[in-house]
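Visitor: got a sequence here, can you build the structure:
(4 chains)
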Protein chains: 4
Amino acid sequence: MTLYRRELLSLGVFALLPQVRALAQAPADLDNLISDLVAANHILATEGIVDGYGHVSVRSPRSKDRFFLSRSLAPESVTAADILEYGLDGEAVDPKGKASYKERFIHSEIYRARPDVNAVVHCHAPSLIPFGVTKVPLRPMYHQSAFLAAGVPVFEIREAGGMTNMLVETVALGRALAKTLADKPAALMRGHGAVVVADTIPNVVGRSIYLEINARVQAQAIALGGPITYIDTEEARKYAASDNYSRAWELWKKKAGSK
Amino acid sequence: MTLYRRELLSLGVFALLPQVRALAQAPADLDNLISDLVAANHILATEGIVDGYGHVSVRSPRSKDRFFLSRSLAPESVTAADILEYGLDGEAVDPKGKASYKERFIHSEIYRARPDVNAVVHCHAPSLIPFGVTKVPLRPMYHQSAFLAAGVPVFEIREAGGMTNMLVETVALGRALAKTLADKPAALMRGHGAVVVADTIPNVVGRSIYLEINARVQAQAIALGGPITYIDTEEARKYAASDNYSRAWELWKKKAGSK
Amino acid sequence: MTLYRRELLSLGVFALLPQVRALAQAPADLDNLISDLVAANHILATEGIVDGYGHVSVRSPRSKDRFFLSRSLAPESVTAADILEYGLDGEAVDPKGKASYKERFIHSEIYRARPDVNAVVHCHAPSLIPFGVTKVPLRPMYHQSAFLAAGVPVFEIREAGGMTNMLVETVALGRALAKTLADKPAALMRGHGAVVVADTIPNVVGRSIYLEINARVQAQAIALGGPITYIDTEEARKYAASDNYSRAWELWKKKAGSK
Amino acid sequence: MTLYRRELLSLGVFALLPQVRALAQAPADLDNLISDLVAANHILATEGIVDGYGHVSVRSPRSKDRFFLSRSLAPESVTAADILEYGLDGEAVDPKGKASYKERFIHSEIYRARPDVNAVVHCHAPSLIPFGVTKVPLRPMYHQSAFLAAGVPVFEIREAGGMTNMLVETVALGRALAKTLADKPAALMRGHGAVVVADTIPNVVGRSIYLEINARVQAQAIALGGPITYIDTEEARKYAASDNYSRAWELWKKKAGSK
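Guide: You can find the predicted model right below:
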């Protein structure tokens, strides 16, 4: 059995060639990347993954120690002018007098722990919450969410921080979340939401959208009763080799009114 | 354990410094407050909390014995010209020949009983109804609805008024509802809907929106089966110290087309 | 216990003064009535009660033996020019070369059997179907659907016509449906949909909308488990005396883009 | 008992007069057929049957060995210029340098096996997934989905191809799917979606829409508990003789903004 690089990446076994990877997918044009990040904000709002809260970031193609993230703002309202550059300490390089998201450490610590990851989404999509507060694990219902075959761990913030305000607003909590995420494409956060990662912006957006659909579909299948046939790990591995989300990305951008 | 003022307010322990509080949050500009009240009407309609029925009010910043509420009109259609000023007897100071909501006593009696409250929403959101007619208590599923940790009592109108037309259209019924609400941020009304209170308009709108989402999420979690981990009271207390809903408020206004 | 006329009407005990009633609510202006009928078509589509199928009619204010109904057309597309006048035999007085709905006999036979009824809706709203094919009776969850306290019978077309194409496309089947409906405000049709009746267009539209919401709410309450407290018959009787749907009607028309 | 041609066709007993049928329904104007195919793409997106993925095809009226299908593109974005002609080998007659859908063999092999079929939809509508991964068969809840009385088989790709990437991207897999479909109007695909067939574009679109609604309605009916009365095979046979979907087709086109 031969595993190709892309399959490994899609299945969450990303730790092999991080620097090469980060540079390989770097776009020639930073403006295009920022434009895609703005589009991702709008798409996630249009598709119901985020509301007034939640955020999406992308690693800088110029330095693996930097990433881009909007200032504290509802995703639907984000423009290119709102994007700030951050270091892996979770602090804005130049805050321009703007407030940052309290939970920016979700991003900084995942970028630190996962060199293979170039894009991160944090959201509170309602359909995901039940799977974070019960013992029912999210599992892949169909090919579109086959990446879930890698498993979706649940982050229990009490194990890391005891009684908190539920927000990942310190380096330590961000690190604990990244540790729970490990090499997986997504993790749920108990009583809070989820974090989703991928190698590109379209892929992290696509995974976020199909993670949410999968939660609804799985809840409906459970309600029907009886055993459920999930996507097999081997099927997921093979599906991961397909070119995911590129066709949908153009549609999502159009629907979200982004250019 | 030190409890700060905002935490106390957010957890429903509001009775300490009512006059000071009411005046402290009074905006310099009454026009802005009325504009926010109109926006709240539109937002609640846009977000599916109210349909042709339901209402939202705000206490007057100039007198703790007065509050502002639209004349009898679908919230989505309310303009500044429709806002009337009411006394704590539930009667319009100057009705201008316009009909009042029959259930305005929900507002007047809560303002009378709860000096800490400056904004009240009454709604019939469908997802809330099941929790008012069964023995399943609404409990907080995630940080956004952490304020529910204070508990959500259910108002049984028969205990106060025997067989009625289900409407809180008298001072006595309004008083009974306020007594059921006690120091909580929200109460369900059996076979009817809910009442939500807060210290500001954005907060009462935000609580209404996340109360509704919480009901859907909790129903889905129950359907998954097994024990549910709710937000802990201590987590809720700490979350309450965060700055709630201000980021979302601007988005909600934009989506509702309000200025 | 004194029952007032409006309460009787709203509870489905309509058979007392039919002619007087029919004439009493006749609008001075037939154009306005047709305009309301067109609006009702658009509202039912906008609110998700009908899709490409379903229809709504109104009894003629000039003759209790006539009613108005669109030619065979999707409700959303109906204009005043599409409205035809029908006799109680279910035939268009002047078909103008246009096809009629096959199931127009639903309307004609209900108008024949129920002199108190002036408006009829037939729809296939998906949330109603489960209650027509199981043994779970629709019951009133909240004040907005209190009219269901009168009971919602289920029409089993096999009892009237044996194996059919499921359509009420004959006088005999229409008559059987009207018999099942009896003096109630609504009846479900097994494997098909529902019929809703009222004294006015706004009331039949309002009942259709809240019937649909009630079905969703009741299904959710059942899923929560445990006993459900339904609206009591006495509460429903008292609520029926309230002025229903007039406030919402203006909003519905605005949302549906009707004039 | 006499079975008329249209009834046979609608019930999935199509194999009698294929060539005659294919030619009989051929439109005089190929442009109109392509226009309808474009409309079908948009309608399926607007009605939530497809998202960025899924496709719809139509058999050529000029040759039963050819069919029309968009190049690889999100259905919502398809225009007449994107439509390519394919042979029954699943290859574009003239690809014009454009990429084809990987799963075009779903279409080619069904057209090969089913001379009575002139239109094919492949989709991943979320509400269909649970019925493909559990042992609960889809059954007809109401007249609009009566065509399901013929039965809805489930395609298990492992039986045909062992561990795959879940995609029907070879002739062999397409043939296996067509074999599972047999003479039925629709088949589910485990962990993937569904395929729907009919004699015309409006009929395949209508069946796709009501298949999806039926899945939601059936899930809700199951949740209510107790036995369900499905549409009887005889009722379905009689309903099939009605003129299906033509009234809705005009509305769907209007809603989708197609001409």
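
Visitor: find the residue at the geometric middle of chain A.
Guide: Most central in chain A under C-alpha atoms, centre = their mean is residue A:196, positioned 2.2 Å from the mean C-alpha point.

Visitor: can you classify that one as helix, strand or coil?
Guide: Put simply, residue A:196 is strand when judged by DSSP: H, G, I helix; E, B strand; the rest coil.

Visitor: try residue A:184
Guide: Recorded secondary structure, residue A:184: coil (three-state DSSP).

Visitor: what's the neighbour count on it?
Guide: 20 (other C-beta atoms under 10 Å in any protein chain shown). All C-beta atoms are positioned from the backbone trio N, CA, C, and that covers glycine.

Visitor: likewise residue A:83?
Guide: 19.

Visitor: got a list of what it touches?
Guide: Going by C-beta atoms under 8 Å, 6 or more residues apart in numbering or on different chains, residue A:83 touches A:34, A:37, A:38, A:68, A:69, A:70, A:71.

Visitor: what is it paired to in the beta sheet?
Guide: residue A:70 (DSSP bridges).

Visitor: and it, what's its pLDDT?
Guide: Looking at residue A:83, its pLDDT is 98.

Visitor: for chain D, see how far away it is.
Guide: 25 Å (C-beta to the nearest C-beta, to the nearest Å).

Visitor: hey, where'd the strands end up in the stretch 1-150 of chain A?
Guide: Shown for the stretch 1-150 of chain A, the strands assigned by DSSP state E, counting those that start in this stretch span residues A:55-59, A:66-70, A:83-87, A:119-123.

Visitor: please list the residues of the stretch 1-150 of chain A that sit near chain D.
Guide: When proximity is defined as C-beta under 8 Å from any C-beta of the partner chain, the stretch 1-150 of chain A approaches chain D at A:140, A:141, A:142, A:143, A:144, A:146.

Visitor: quickly name whichever of those residues is closest to residue D:166.
Guide: residue A:143 (4.0 Å; C-beta to C-beta).

Visitor: what is the end-to-end distance of stretch A:121-135?
Guide: 23 Å (C-alpha to C-alpha, to the nearest Å).

Visitor: list the buried ones in that stretch?
Guide: A:121-134 (16 or more other C-beta atoms under 10 Å in any protein chain shown).

Visitor: where's the residue of chain A found nearest chain B relative to residue B:33, distance?
Guide: At 2.8 Å from chain B, residue A:52 is the closest residue in chain A, using C-beta to the nearest C-beta. Residue A:52 sits 21 Å away from residue B:33, going by C-beta to C-beta, to the nearest Å.

Visitor: over to residue A:68?
Guide: Relative to residue B:33, residue A:68 is positioned 38 Å away (C-beta to C-beta).

Visitor: before we move on, what about residue A:82?
Guide: 28 Å.

Visitor: neighbour-wise, which of the two wins?
Guide: Remark: of residue A:82 and residue B:33, residue B:33 carries more neighbours, 24 against 16, as counted by other C-beta under 10 Å.

Visitor: that older thread, OK, contacts around the residue of chain A closest to chain B?
Guide: A:74, A:76, B:245, B:247, B:248, B:249, B:251, B:252.

Visitor: now the residues you listed as JSON lines including secondary structure?
Guide: Formatted as JSON lines, the contacts of residue A:52 follow (three-state DSSP):
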{"residue": "A:74", "secondary structure": "coil"}
{"residue": "A:76", "secondary structure": "helix"}
{"residue": "B:245", "secondary structure": "coil"}
{"residue": "B:247", "secondary structure": "helix"}
{"residue": "B:248", "secondary structure": "helix"}
{"residue": "B:249", "secondary structure": "helix"}
{"residue": "B:251", "secondary structure": "helix"}
{"residue": "B:252", "secondary structure": "helix"}
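
Visitor: for PyMOL, write the select line for the buried members of those.
Guide: A single PyMOL command selects the buried members of the contacts of residue A:52 (16+ other C-beta under 10 Å):
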select buried, (chain A and resi 74+76) or (chain B and resi 245+247+248+249+251+252)
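
Visitor: for chain D, state which of the contacts of residue A:52 is nearest.
Guide: residue A:76 (19.9 Å).

Visitor: ok, that closest one touching residue A:42?
Guide: Yes - with contacts counted by C-beta atoms under 8 Å, residue A:76 reaches residue A:42, the gap being 6.2 Å.

Visitor: nearest to chain D: which residue in the stretch 51-200 of chain A?
Guide: Counting by C-beta to the nearest C-beta, the stretch 51-200 of chain A gets nearest chain D through residue A:143, at 4.0 Å.

Visitor: give me the number of residues near that residue?
Guide: Using other C-beta under 10 Å: residue A:143 sits among 26 other residues.

Visitor: quick check, pLDDT for it.
Guide: Residue A:143 carries a pLDDT score of 97 in this model.

Visitor: contact partners for it?
Guide: Here residue A:143 is in contact with A:231, A:235, A:239, D:124, D:165, D:166, D:167, D:191, D:192 (C-beta under 8 Å, 6+ apart).

Visitor: dump the residues you listed to TSV, plus distance to residue C:113, pLDDT and secondary structure.
Guide: Below are the contacts of residue A:143 laid out as TSV (distance: C-beta to C-beta, whole Å; pLDDT from 0 to 100; DSSP: H, G, I helix; E, B strand; the rest coil):
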residue	distance to residue C:113	pLDDT	secondary structure
A:231	56	97	coil
A:235	59	97	helix
A:239	59	95	helix
D:124	47	98	coil
D:165	61	97	coil
D:166	56	97	coil
D:167	57	97	coil
D:191	52	98	coil
D:192	50	98	coil
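
Visitor: which one of these sits closest to chain C?
Guide: Nearest to chain C among these, with distances taken as C-beta to the nearest C-beta, is residue D:124, at 20.0 Å.

Visitor: right, and that closest one touches residue D:192 too?
Guide: Yes - Residue D:124 lies in contact with residue D:192 (C-beta under 8 Å); the separation is 6.8 Å.

Visitor: mean confidence for the longest helix seen in chain A?
Guide: Assignment by DSSP state H gives helix A:201-224 as the longest helix of chain A. For helix A:201-224, mean pLDDT rounds to 98.

Visitor: that one and chain B in contact?
Guide: Yes - contact between helix A:201-224 and chain B, assessed by C-beta under 8 Å from any C-beta, occurs at A:219, A:222, A:223.

Visitor: buried ones in that helix?
Guide: Those would be A:201-224, for helix A:201-224 by 16+ other C-beta under 10 Å.

Visitor: ok, stretch A:96-106 next?
Guide: A:100, A:101, A:103, A:104, A:105, A:106.

Visitor: which ones are touching the spatially closest residue to residue A:206 that is not a sequence neighbour?
Guide: Excluding the flanking residues, the one nearest residue A:206 by C-beta to C-beta, 6 or more residues apart in numbering or on different chains is residue A:245, at 3.2 Å. By C-beta under 8 Å, 6+ apart, the residues touching residue A:245 are A:202, A:203, A:205, A:206, A:207, D:52.

Visitor: this completes my enquiry, with thanks.
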